[in-house]
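**Q** Next one to model:
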Amino acid sequence: MRATGASQKASHRVIQPTRFKVRAIFKSVFTREYEVLRSHLRQARKKVGLSQTELARRLDQTQLFVSRSELGDRKVDVIELRAICKVMGLPFVQFISDLDAELERLEGDSPKTAPGTQ
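**A** Down below sits the predicted model:
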């Protein structure tokens, strides 16, 4: 019986850090930068004339996958972003370059703080 209790404690220790990681990822989808990414994805999809349903079909995903990605309910990783660009017929490097230019522009609009102060 003692071994069972020890394995339960070990199991609990493994689960605990996972919850912290999920919270950290969850918060990052609500940054200003991530909103710009989501906006660029939506605009690109609409510009090429695709509905969420059609984009999902091309990605072999559900419409809910696309909707959650655009709303920020799920995080899009770089491999998924590349696949999305590819099925929309957009050069991935160009998409990233345009995104970076917009982020740089926004950083230029932000008030600067002195190093070491926040």
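
**Q** what sits up against stretch 94-110?
**A** By Cβ atoms under 8 Å, 6 or more residues apart in numbering, the residues outside stretch 94-110 that reach it are Arg32, Glu33, Val36, Leu37, His40, Ala44, Leu81, Cys85. Placement of C-beta: from N, CA and C, glycine included.

**Q** just the helices in this protein please.
**A** For the chain, the helices defined by DSSP state H cover 2-28, 32-47, 52-59, 63-71, 78-88, 92-109.

**Q** just to revisit the earlier point, by neighbour count, sort out the buried ones in the contacts of stretch 94-110.
**A** Buried residues within the contacts of stretch 94-110, defined by neighbour count using 16 or more other Cβ atoms under 10 Å: Val36, Leu37, His40, Ala44, Leu81, Cys85.

**Q** what sits against the third one?
**A** Counting by Cβ under 8 Å, 6+ apart, His40 touches Phe95, Asp98, Leu99, Glu102.

**Q** Repeat that for the first one.
**A** Contacts for Val36 were tallied using Cβ under 8 Å, 6+ apart; they are Leu99, Glu102, Leu103, Leu106.

**Q** Closest to Glu70 out of those residues?
**A** The closest of those to Glu70 turns out to be Leu99 (Cβ to Cβ; 14.6 Å).
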